[in-house]
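Asks: A structural model of the following input is requested.
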Amino acid sequence: MSQILFSSEWLNQLSDPYAVLGLSVAADERRVLKRYRNIAKLLHPDSLVTAEPATKALASQVLARLVNPAYQRLKQEKERSEAMALLRLRVRRLNREDAMLPQSEIGQQILQLPIHQADVFYEQSVAKLSEVQYQQLEQFQTITQQLSELNLTYLHLKMGEPVIREKRTGIVAAPQARPIQYTPSTSETAQAAVNYAQRHYYRAQEYAKKSTWTQVVAELRDAIRLEPNRSEYHSLLAKAYLMQNLIGMAKVHFRQALKFNPKDPLALEYATKLKLTEPDGKAANKNLGGSGLFNLFSKKR
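Replies: Numbering: from 1, shown residues only. Just a heads-up that it's a prediction; the model follows:
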């Protein structure tokens, strides 16, 4: 079984490193490392103590022959650029051959969406598929192939757009595709930051549904760095802190939410319970009148 499973043809079908690691093509170095560590932990023998010998052997092979090489191809920016260039070349070839016809339901769905909705749909779909990708190894191949097809379909939708460097959106232009250097305007750069902040927020919402509060905090911190004045970011971050019994931090961000939007529903829901402010938000603004951390935020208004 192992010889058939890891044939050259089979490995070629799983050649997309982003799909193997269950990552969005917008993933940066930090996210690549975090995902790799999570997968390595799932496939480690200590996590498979009660598994059948065949399952342990398969996990070892998947880690050695797919996961580790995929990580090597994505752990640095230069390698990610090369991997992205190869994916884009595959998309162009499929377009020339008129073969961009996704077989999976999720691939067909994204083709029907406007590009601004496709971005959100893509990120959420990758997150859902990657969540179960390595939970049961017999599903690994099917899910990874779905991720690979989703990546190609998404890049097909994005091919006509100007490409912004990875540190903004995570998508790196293939050098041969853009011989003329593209320099985004200030407004385009700001919009890219907003879009990336929203991606962090959407991921945080998904983690919140699963009560994975530490992940919610990590995503929302990134979102707030990019777009610090959004009340919904602060209120959800406050709830995440509250669910971890970090009352002080929760109060800080509930107050921030009410400062930016006195009618923020989530902040108002907890304001009375935590004795933060009157419904009109005046007390929150009063409490934020000092210096230090609060003043740092107020300067960004």
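Asks: where does the prediction get shaky in the chain?
Replies: 1-12, 98-99, 160-195, 277-301 (pLDDT under 70).
Asks: what's the domain layout of it?
Replies: 2-160, 194-298 (automatic domain parsing).
Asks: would you mind finding the most buried of the ones you listed?
Replies: Sort the domains of the chain by mean neighbour count, taking mean count of other CB atoms under 10 Å, and domain 194-298 sits at the top with a mean of 18. Bear in mind the C-beta positions are built from the backbone N, C-alpha and C, glycine included.
Asks: show me how far it is from its chain's centre.
Replies: 20 Å (CA atoms, centre = their mean, to the nearest Å).
Asks: next one: stretch 86-97
Replies: Worked out by CA atoms, centre = their mean, stretch 86-97 lies 24 Å from the chain centre.
Asks: and the contacts of that stretch?
Replies: Under the criterion CB atoms under 8 Å, 6 or more residues apart in numbering, residues 16, 18, 25, 100, 151-152, 155-156, 159, 174, 177 lie in contact with stretch 86-97.
Asks: nearest to Arg65, of those residues?
Replies: Nearest to Arg65 among these, counting by CB to CB, is Asp16 at 14.7 Å.
Asks: what does stretch 230-250 rub up against?
Replies: 197, 201, 204-205, 208, 211, 213-214, 216-217, 220-221, 223-224, 227, 251-254, 256-261, 264, 266-267, 270, 274.
Asks: and if we set it to 6 Å?
Replies: Contacts to stretch 230-250, defined as CB atoms under 6 Å, 6 or more residues apart in numbering, come from residues 201, 213, 216-217, 220, 223-224, 253-254, 256-257, 260-261, 264, 266-267.
Asks: got it, and stretch 37-46?
Replies: 59, 63, 67, 134.
Asks: with adjacent residues omitted, what lies nearest to Ala127?
Replies: Among residues not flanking Ala127 along the chain, Glu206 sits closest, at 5.7 Å (CB to CB, 6 or more residues apart in numbering).
Asks: how about Gln72?
Replies: Closest to Gln72 by CB to CB, 6+ apart is Glu79, at 7.1 Å.
Asks: in which helix or strand does that neighbour reside?
Replies: Taking DSSP states H and E as the definition, one finds Glu79 inside helix 77-96.
Asks: and Leu129, by the same measure?
Replies: Per DSSP H and E: helix 115-133 holds Leu129.
Asks: if you count contacts, what does that helix end up packed against?
Replies: helix 105-111, helix 140-158, helix 186-209 (3 or more CB pairs under 6 Å, 6 or more residues apart in numbering; DSSP states H and E).
Asks: show residues contacting it.
Replies: 22, 24, 106, 110, 113, 143, 147, 154, 157, 199, 202, 206.
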